[in-house]
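Asks: Any chance you can model this:
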Amino acid sequence: MTLLVISTVPNENVAYNLSKILLENRVAACVNIIKDVNSLYWWKETIENSIEIILLIKTTDEKYQEVEDLIKTNHPYEIPEIIAFDIKKGFDKYLKWVEDETRSLP
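Replies: All right, here's what the predicted structure looks like:
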């Protein structure tokens, strides 16, 4: 099954570095970087307001745990956002491409 994993990061440097790590490890086929997202959230009993970047990570169920582990290891936040959604429908050739690009190399 193909997944869409969402994670937020604090800046472009982290966004590009984390995206590259995920791609180089073949656990993601594609990462979209969406800049200048205004996030409001509770943190340590206070409402915070931050400008963040959203990463849209295309991967597979088989690779999810590796994606999560790499994000946790390489993310500056104490508790990074890591949310995965099953992609139930989509262009068959694109979904196959995601699966092909995240296969382990021989």
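Asks: Contacts made by the helix or strand hosting residue 64 with the rest, please.
Replies: Using DSSP states H and E, residue 64 sits within helix 64-74. For helix 64-74, contacts defined as Cβ atoms under 8 Å, 6 or more residues apart in numbering pick out 3, 5, 7, 17-18, 21-22, 25, 27-28, 57, 59, 80, 82, 84. Glycine gets a C-beta too; all of them are placed from N, C-alpha and C.
Asks: Flag every buried residue along that helix.
Replies: For helix 64-74, a neighbour-count test (16 or more other Cβ atoms under 10 Å) marks 64, 66, 67, 68, 70, 71 as buried.
Asks: Leaving out the residues flanking it, which one is nearest to residue 77?
Replies: Spatial nearest neighbour of residue 77, excluding adjacent residues (Cβ to Cβ, 6 or more residues apart in numbering): residue 10 at 7.3 Å.
Asks: right, and the one you found touches residue 76 too?
Replies: Yes - Residue 10 lies in contact with residue 76 (Cβ atoms under 8 Å); the separation is 6.3 Å.
Asks: avg pLDDT for the strand or helix carrying residue 21?
Replies: Remark: residue 21 resides in helix 12-24, with elements defined by DSSP H and E. Taken as a whole, helix 12-24 carries a mean pLDDT of 98.
Asks: circling back: please check the contacts of helix 64-74 and keep the buried ones.
Replies: For these, buried by 16+ other Cβ under 10 Å: 3, 5, 7, 18, 21-22, 27-28, 57, 59, 80, 82, 84.
Asks: So which of these are in helices?
Replies: With DSSP state H as the criterion, helices contain 18, 21, 22 from among the buried ones among the contacts of helix 64-74.
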